[in-house]
Structure formats: structure tokens, C-alpha cells
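Participant: build the 3D model from these lines:
(2 chains)
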Amino acid sequence: MSDLPEIALYVHWPFCQSKCPYCDFNSHVRDQVEQDQWRQALVRELDHAVQEAGPRQLKSIFFGGGTPSLMPPETVAAIIERAKSSWQITDDLEITLEANPTSVDVGRFHGYRDAGVNRLSLGVQSLQPDVLEFLGRLHNVDQARQAIELASDLFDRYSFDLIYARPNQTIQAWREELNDALALAGDHLSLYQLTIEQGTAFYTKHRLGEFKMPDEELAAEFYEVTQEMMEASGRPSYEISNHAKPGQESRHNLVYWRYQDYAGIGPGAHGRLKIKGQKSAVLRHRLPEKWLGAVQSYGHATREVISVDLQEQFQEALLMGLRLREGVPVSRLKEIGDFLQQDRLDILCEEGLVIQSDDKILATEEGRQRLNAVLDYLLN
Amino acid sequence: MTDLSKIRNFSIVAHIDHGKSTLADRLIQFCGGLTEREMTEQVLDNMEIEKERGITIKAQTVRLEYKAKDGETYILNLMDTPGHVDFAYEVSRSLAACEGALLVVDASQGVEAQTLANVYLAMDGDLDLVPVLNKIDLPAADPDRIRQQIEDVIGIEADGALEVSAKSGIGIEETLDAIVEQLPSPDGERDSELKAMLVDSWYDQYLGVVILVRVVDGVLQKGQKIRMMSTGATHEIDRVGIFTPKHETVKELGPGEMGFITASIKSVSDCQVGDTITLDRKPATEALPGFKPSVPVVFCGLFPVDASDFETLRESLGKLALNDASFHFEMESSAALGFGFRCGFLGLLHLEIIQERLNREFDLDLISTAPSVVYKIHMNDGSLLELHNPADYPDVVKIDSIEEPWIKATIMVPDEYLGPVLTLCTERRGEQLDLTYVGGRAMVVYKLPLNEVVFDFYDRLKSITSGYASFDYEMVGYESGDLVKVQIMINGDPVDALSMLVHRSQAEFRGRAICARLKDLVPRQLFKVAIQAAIGGKIIARETLSAMRKDVTAKCYGGDVSRKRKLLEKQKEGKKRMRQFGKVDIPQSAFLEALKMGDN
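Facilitator: Here you go, the predicted structure:
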């Protein structure tokens, strides 16, 4: 075991075959991608990130997007290889790749495994044909089932995503769909309520009244039903929208929520890490072409590096940490500083929304369901 | 100086929209006060001023020269008075500057409530009235019916009422002749001690404070040192003039004349409407009758929506007060609304005007608390407390009795709406004093508590009569009443801005209404919120706002931290407009909406 501080690496692949109407991530559709240039650029920016972060032990790599399952396996392999040779690695290095279940993507699964990927996260989103169409997905239900099956064969661990609390969805229909999903599920599932984000096709359609979202009461019911079913299936929520058998949580995402250090490479990737002792927010250029050009010219495409001051760190630690069932260690908060409004926290505790013990602060189930308001109350 | 017998000072009494301004313009035009070209410009300016004046409620005078049938040239001073009874006292002073008035009645609409109120003020001032039927050329005009109505309702001879269309220029010369022939000339002694009535005053950015005067005795000249008899303040006159309507400097103003003076006065608070101006060296022994210092009857709190606008609000109120001696304000702080001002007004219209000017001219976003009246509270120790703000209500055990102001309200309404109007007045604790029919219209006179009228009475009256009712009121004095303070509480904390003094019989109804309204207005919170109305310790109404059920971002990964913090900052920004009640934060806007007198 090493004493070096840990780090996780996020790699952003910004390309998709088509843009999904609900997605506000940094994703772009391009006819052609210069794969050699992209591979080299990602590796170059990784070198820069290694310099920035200093000596570390790497505990996770996560390929997100976009659609990372459009990456040639060689690119994935090159990045993994360079990361492993640049930093020390932990024994249980987790390497996750997000994948779509279309046949083209599935064809590359073997290659990813061979490159070192040991965890696959599939964007299934629904097990109903009409819903897949509504969500603008390019795969069908059979392909989704086949992709899940193959993932379970090839990878140590796998997970898939579903989107629920959709327009016109009933609680009963969701129960059935989730039951179907559980029959296919491994040890981990991500279940997201549909949200309407600015800058998406859904945002406009929703504004024009083309569909109606469930109201607060119904959304709450969806959420509660989901918690109950996942609890019963032995995969309780460990985060607002993530469920796993104990020990099978996404270690990469836990780094985010535990407010530990992570570096990001690729267009629009964020990092939060200590650079020369100072917690910093690092952001890369979002536009693929701009990012590529910058890396080719300067070795990285950093848009900004901002120092996160202690109060902001305190806020961010709680913003992220209270999403977790495990809560936030008091010791972690004390390390940052004394920014806790105890009187407000006391009220939240009285109301059963938060629990404060000697060693941690955590949001109760009630509290997590209303976390935005709880955070607003506690931090503002 | 003008021969007194050649002067006529007159005013025009009319309901809004019955054509007072148009008639005034025609009279000015006929007398050549303005050329055709100036007329257009002036009329436009005038309308703008009139709008402002309608708002600042300023009197205006115009001096006209008219060569009458007898071949003599007469000086006709037209006094344009404000038209609303909120300013009854100001109107009465303007009228006191005249010997007669044209009573203008729309030949199809007939007498309205406001016509009556002003007619009575004119009668109180012993003015001679010349009835004028305006808009005679409209198809709906029915002069015979309206003549009859004038005789029935106002009780003056209307056979000889002039038939006029100010718009088409019909009957203008006849009107001028009638002014000369039927209205009396003023009295006055040039050699007596100076007595001039201060009719109105306003702040002009070039001239300073301009004072409108009517000389009764003596002469006003530049260089004189004048004294305001009510305050003792002295000033030196630096300009004497008249309006034609352009302002024109003259050598002097003698008995019976109207005009203006300026005297390097910085503040209108030295210029009380109705005060007597005399000479400092040789003062009159007695002031002119009828002077009353202005007393606000309706109060409300004005608060900036954005707390950082407080100083701007203070400045803006100061500017308004500069022009309006009857407007009062002092600082106030409220737990619900922050820092603001308690403001006193002559009436509801005055309140609306000030609010509108603050919005329009000073671009201020304001919250106003429910208007309240002035209560007289007799304490057990024999002292008398004048309560302007329900939040200052004293400990109930120390109170012996409370008196509230009552008004006499005159409502004119088409017959078919009479029923709902009577019901409304009864609901508002009204006592019917009179009910008469004139043609298809009913005139009801009610005695009503003013606090029932300031609470959405106008709006209700308008809505139940489809806007056909006209309403006017005058104060009749104080009477003791069974009044209680209703407090609104949010999770047990009183919301001072919403507390109100109401009659015991109305307390439950009003408390219930405001709780129900708040329940709809307050956004759901993390916690359950109890909204209660209470009298003392006794809860009379309760609503419970259940806690919010779900509010959480579904996806939040590495890239979202910054976004989340921005959301937090946005929420924090929003909290600036929130007020904290115990453990809940309530947006000011909820109180604002609750305060809006509306359709409950």
C-alpha cells in the first residue's frame, strides 16, 4: 500500500450518433472523427493532468460521454495504459465505460474488456419500445436485453440506467417495468427521474405543452415506490438515484460524492483536485474542435482553474455528500473549517430530515427526497 | 388694479368625464388666451399637466379677458379645482376663492355622486351656480330629463340651464355671458391690511415654490415681506404674476384678483392650503375663515421590494412631500417586510396616486400594507392614543374603549344593481340614511365605518355594479365600536404587516379569508406551516400548509458540482426577498399578494 493521495480519472468522449431529446450533457454529432488525433490528444491531456495532480495512486477510471462506446478500443486501451504507467494504481482499480446497447457498440465490448475495462454501465433507459422511441434512443428492447446479457458475461461488474417518472407513466406501469429490469439486473442500477433541462428538445416541447410531467406529488410517489422496491431487491439506494448491493457501489462516483480528488480530461471535463495543496476546480474547453486544437497546440485544453475557497469546499462537500445514504463524516467537514450553521441543522434534525451523530451528518430518507430545499436551508 | 365690478371669479363643478377640461379649453380659446396654434400645443401640455395635476391634485387659475355684450371688458378668473373628495378640503379652499361656479352636467349621464359632493362644497362656500348641460349634441342627450333631475336631486332652478357642447363649440359665448350676468363680482378693500388666501402651492424646478393666491383685501407686490398666519413664517415676495394660461409677471394683485407669487420658499410645508397671507409689518388682525391644517385619514406602510431601494424610497417620498403638503411619512420597520415608511394620506385616491407616482416616476417596486384608518383609543389611565398602525395596538387590558371614523357615503347606481349595493353596505356595517330614485337611478346614502371602506369596498362596488356605480364620501366623525385586533400568525409568529383592526362581527370572516389566501400564496416549505388568525390568544381561523414532498436533483456527478453551487447561490439570491418566520422562509411576494385588496 502506498501513502500517496488517491485520485480518480474521468475521460469525456463527446460524440454521439444522435442527440437524445432529454440530454443536456456535452455531446455532439459529427460525421467523421479523426480517431488517431483524438487518441493522441486524450493521451496528451492525460499527461498534463498527471503533471497537474502530481504523484498519486489511481483508484478509478471512468469513460463517460457522449457515447464512449463509439471509441475505438485502441483509444480506450491507450488511455488506460498511459494512466497506469503515470500513476501508481490501487489493487482494486475500477475502470468503467458507459455504453449504448446498439449492435455497433456491442460489437466493441470484447475490445473494451481486453483494454482493461472491468465495469460496464449501459444506457438502457427503458424496456418499453414506445418509450425508447420517445426518448430518442437508437436501440430496441431486444438489443437492450442482449447487451445486458453480453455485459454480464464479459465484465466483472455491470450496471444499467433507466429513466422513470415520465409523461403519462403510471405507478403500476413503472412497478412492472422495474420488475422486468430487476430480472436482468446485476448488482447495480441507476434509476433517474426524467428532468426537463434547458437546451434540450424536451425543454421546448414541454414549454409548448406537447407533454406533461408528473406533478410533485406523483413524482414523490414514483420515488418512494422505487426506494421500496430496490430495498426489497437487496439493492438499496446508496445515493439519490443509484442502487447497489453493499460493496457493489460505483467507486468512481463515490469519489465525486465523497468530495475526493478527481481529474478530468476530454472536452468539457471537470476536475476537482488539490493542485499544490489548493483544492481547485479545473474545466476543459467544451467544443470538441476547440478542445482538440488547444491540446494539439498547448498539450491541454484547460479553460479555467479556479481555487475553491474553504467555505465553497464546505458547501460542495455537503452538496455532494448528503446525496449519499452514508452521509458526510464530521471529521471531513472539520478539516475544511467551521462553517456549520448549527441552529439550522438542529431544526432540520428536529424535523427528521437530517441526523447528526458524533461522527457524521446524514440526510434521512425524507431529507434526501427534499435535498435541494434541505441544502438551501442549511447552507444559505 | 381692476375695478372690482369687472371681475368674475368662477370655478367649474363637474363629475369626472363630464367635460370640464374641454369646456375650460373652449372658454380660454374663445377669449383669445391662446392662438389656434398655441391652443393645440397648450391643450396637449395642459392635458399632461392636468394628468399630473390630477395626480398631484393642484388647483390652477387662468385669467381671461372677455368683452361682454354691454361693451365692457371683464376679467374672468377661472379656477380649476381638483375633482375628488379625498381633497374635499382643498376643493373647498379653491371654491372659497370664487364667487360662483358653472355646474356642468353631462346631458345624457346626469348627476353623479361626485357632482353632488362638489355642489355641496360650492353651496357651503355660498357660491352662485349656473347649470350647464354639456354634450348636448350627442344622440343620447336628454336635456329635459336632466334638467328635471338637477331640480330633483340638487334642488336648484334648472329651467335656464345652458345647452352646450364644449367639444363642438356650441353655447360657449352664451356661457361667458352667463358668467358675467349671473355671477356676482367680488368684494374687497384695497386700503385694508393684506389678506390673501393661499389656494395651493407646488414646487417648480425653476421658480421654487409657487403659491396660488386669491387676494381678498389689500395689495400684493414684489418686495413685500409676507407672513403666513398659521405658521408665522415670513418670506419676501420676488415675483407676482398671473396665468393666461402662460405665466406672466404683473406689477401687483389687488382685491378680488387671482394669481401667483414666488418668494424663494424651499418647502411646501410652509404653505398650508387655506392659510391667510398677510404683511409682516402690518398684519391683519384676523385670518380668513375656514383654514384647517391637513389631517391624514388613511395610513399604510410602503416598503421597497428590494431592501437596497430603501434610501431611494426615502428620497422619492421626500420629493413627493415637497409638492404635496398633505402627504406625511415616517420610518417604520416590519418583521415581514423590512424597513419602510408609514405614510398618511387624505384618502384612498390620494394613496393610489402617491403609489402610482412612486412606481411611475421613481421606478420603485413597492409593497404596501393594507390601508388602515386612524383609531382613537381611550386608555384606562384616561389618556388618548391615536393609532395609525395596527401593529402598535396596545395591550388590550389597558384599553378602555376604541373609537373609529365613520363616513357618509353617497352612491348613485342604476336601479337594477341596487339590491347588491344595499347588501354590500349592510355587510360592511352600514346604516342607511337615505334612498331616493331619480329617473332610472337610485341614490343611496349610507353611514359606513371607514375601515370597512378601505378594505376593498371600491373594488367590490365596481364589480357588483359592472362599473356603473359612482361613489363619494365625506367624513362624519368618530364613534366607539367593538373593535378587535386580528393577528395573522405563521407557525406561531405574528406577521405584523398583516395584522388588522376589525369589528368583532367581521373578525372571523376576515381572518378566515386571509388565512385561506395565504395558504395559496405561500410556497410549500420543508416544514409544515400553520397559518392562523387570532384575537389575543384565541385562534379564530387556521390553515395548514403541508410540507413539500420532493425536491431533489436526479443526476449529480463530477461535472455538476459547480452547477449545484450556482443553484445554491440562486436560491440564496431568492432568499433576499424572503422573510424568516421561525424556521420557515416566506417570500415577500406572498405577503404582497395577501395584502392586495381583492376578490375575497
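
Participant: now the residue of the stretch 251-400 of chain B found nearest chain A: closest residue in space, sequence neighbours ignored.
Facilitator: Scanning the stretch 251-400 of chain B for proximity to chain A using Cβ to the nearest Cβ identifies B:Ala307 as nearest, at 16.2 Å. All C-beta atoms are positioned from the backbone trio N, CA, C, and that covers glycine. Excluding the flanking residues, the one nearest B:Ala307 by Cβ to Cβ, 6 or more residues apart in numbering or on different chains is B:Gly338, at 5.1 Å.

Participant: and the one you found, how many neighbours does it have?
Facilitator: Applying other Cβ atoms under 10 Å in any protein chain shown, we find 19 residues neighbouring B:Gly338.

Participant: okay, it: pLDDT?
Facilitator: At B:Gly338, the pLDDT value in this model is 81.

Participant: show me what it is bridged to.
Facilitator: B:Ser334 (DSSP bridges).

Participant: against B:Arg147, how distant is it?
Facilitator: According to Cβ to Cβ, to the nearest Å, B:Gly338 and B:Arg147 sit 57 Å apart.

Participant: about what we covered before: next up, the contacts around the residue nearest to B:Ala307.
Facilitator: Contacts for B:Gly338 were tallied using Cβ atoms under 8 Å, 6 or more residues apart in numbering or on different chains; they are B:303-304, B:307, B:310, B:579.

Participant: that one and B:Gly344, how far apart?
Facilitator: For B:Gly338, the distance to B:Gly344 equals 20 Å [Cβ to Cβ].

Participant: residues in contact with B:Ile261?
Facilitator: B:Ile261 neighbours (Cβ under 8 Å, 6+ apart): B:210-211, B:213, B:220, B:226, B:237, B:239-241, B:253, B:277.

Participant: what's the neighbour count on residue 287?
Facilitator: I'll assume chain A. Neighbours of A:Leu287 under the rule other Cβ under 10 Å: 15.

Participant: actually it's chain B I care about, not the one you picked
Facilitator: A count of nearby residues for B:Ala287, using other Cβ under 10 Å, gives 18.

Participant: what does stretch B:554-565 contact?
Facilitator: A:10, A:64, A:192-195, A:240-241, A:253, A:255-257, A:262, A:264, A:268-272, A:281, A:283, A:312, A:315-316, A:319-320, A:323, B:553.

Participant: swap in 7 Å and give it another go.
Facilitator: A:10, A:192-193, A:195, A:240-241, A:253, A:256, A:262, A:264, A:270, A:272, A:281, A:312, A:315-316, A:319-320, A:323 (Cβ atoms under 7 Å, 6 or more residues apart in numbering or on different chains).

Participant: try stretch A:52-62
Facilitator: With contact meaning Cβ under 7 Å, 6+ apart, stretch A:52-62 is reached by A:2, A:4-11, A:80, A:83, A:87-90, A:93-96, A:251-252, A:255, A:263, A:273, A:275.

Participant: do the same with stretch B:386-403
Facilitator: The contact list for stretch B:386-403 (Cβ under 7 Å, 6+ apart) reads B:299, B:342, B:344, B:372, B:374-380, B:385, B:478-481, B:483, B:485, B:496, B:499-501, B:536.

Participant: let's see if you can find the most crowded of the contacts of B:Gly338.
Facilitator: Going by other Cβ under 10 Å, B:Phe303 tops the contacts of B:Gly338 with 26 neighbours.

Participant: tell me the pLDDT of B:Met597.
Facilitator: At B:Met597, pLDDT is 45.

Participant: could you do B:Arg8 as well?
Facilitator: pLDDT, B:Arg8: 96.

Participant: next: B:Asn46.
Facilitator: Reading off the confidence values, B:Asn46 has pLDDT 45.

Participant: leaving out sequence neighbours, find the closest residue to residue 337.
Facilitator: Since no chain was named, I'll use chain A. Distances taken as Cβ to Cβ, 6+ apart put A:Leu310 closest to A:Gly337, at 4.5 Å, once the chain neighbours are dropped.

Participant: chain B, not that one
Facilitator: Nearest residue to B:Leu337, sequence neighbours excluded (Cβ to Cβ, 6+ apart): B:Phe303, at 4.1 Å.
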